[in-house]
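Engineer: got a predicted structure here, sequence first:
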Amino acid sequence: MNPTFDDPSIMAVYRYLIGAAEPPRTGQRPTPANMPQRIQRPRSAADIARAEGLDLGDMTYRPRSKRRSGTRPPRRSDLRVVMDHLIETGCPRQEAAELADRWLQADPSPEGVRRWMDTVGAQRPDVAFQLRLHDLDADDLDVPVDGTPARRRLRDGEPIGQVIAALLTLRQPPA
């Protein structure tokens, strides 16, 4: 049941917010202008944040657009090398192209990508991307955090944010 408002301007704002248009007058047939507008629902929290102008920092991984200035698209040979390595690890061929592109955005060199894959797993380019945002390298994951190497903590399913925070805390000199 729709609420009714005495003030026509408030009612107009309400109809606008719910996507409804003016109903047809009595005796008139509805036209497309009278139909409610279809609002495309956001697919993820990152889409909502982008629409609202919020900066989530490194909480979401979104592959960079190849058209963005300052970034170069991965070379075809680099992409092929990473794809071949992914296929060797058992990744389906259809998924390997997209995953290789994401890996090359996390680290531009195939050698670096291979190190990251060996460290965090072949299916996790987002983890490498977030670690690199915090100036952490694959070698930093060998550092023990409370007696357990950070690499093992990641592989055991500990959230990436907690591992990054622990590594950055260990990196800071004592006060």
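Structural biologist: Thanks, I have the structure now. Residues are numbered from 1 along each chain as shown.

Engineer: residue boundaries of the strands in the chain?
Structural biologist: 144-145, 148-149 (DSSP state E).

Engineer: mind checking which of those strands is nearest Arg171?
Structural biologist: Nearest to Arg171 among the strands of the chain is strand 144-145 (11.3 Å), distances taken as Cβ to Cβ. From N, CA and C alone the C-beta is placed, and that goes for glycine too.

Engineer: list the buried ones in stretch 148-163?
Structural biologist: Ala150, Arg151, Arg153, Leu154, Ile160, Val163 (16 or more other Cβ atoms under 10 Å).

Engineer: and these, which two are furthest apart?
Structural biologist: Maximum distance among the buried residues of stretch 148-163 (Cβ to Cβ): 12.1 Å, for Arg151 and Ile160.

Engineer: residue farthest from the centroid of the chain?
Structural biologist: Gly27 (50.6 Å; Cα atoms, centre = their mean).

Engineer: so for it, what's the pLDDT?
Structural biologist: If you check Gly27, the pLDDT there is 79.

Engineer: with Met1 instead?
Structural biologist: So Met1 comes in at 56 (pLDDT).

Engineer: just to revisit the earlier point, can you list the strands of the chain in JSON lines and add distance to Arg124 and mean pLDDT?
Structural biologist: Putting these into JSON lines (distance: least, Cβ to Cβ, whole Å; pLDDT from 0 to 100) gives the following:
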{"stretch": "strand 144-145", "distance to Arg124": "18", "mean pLDDT": "90"}
{"stretch": "strand 148-149", "distance to Arg124": "16", "mean pLDDT": "91"}
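
Engineer: those: which one's closest to Gly112?
Structural biologist: Of all these, strand 148-149 comes closest under Cβ to Cβ, at 19.8 Å.

Engineer: strand partners of the closest one, parallel vs antiparallel please.
Structural biologist: strand 144-145 (antiparallel) (DSSP bridges).
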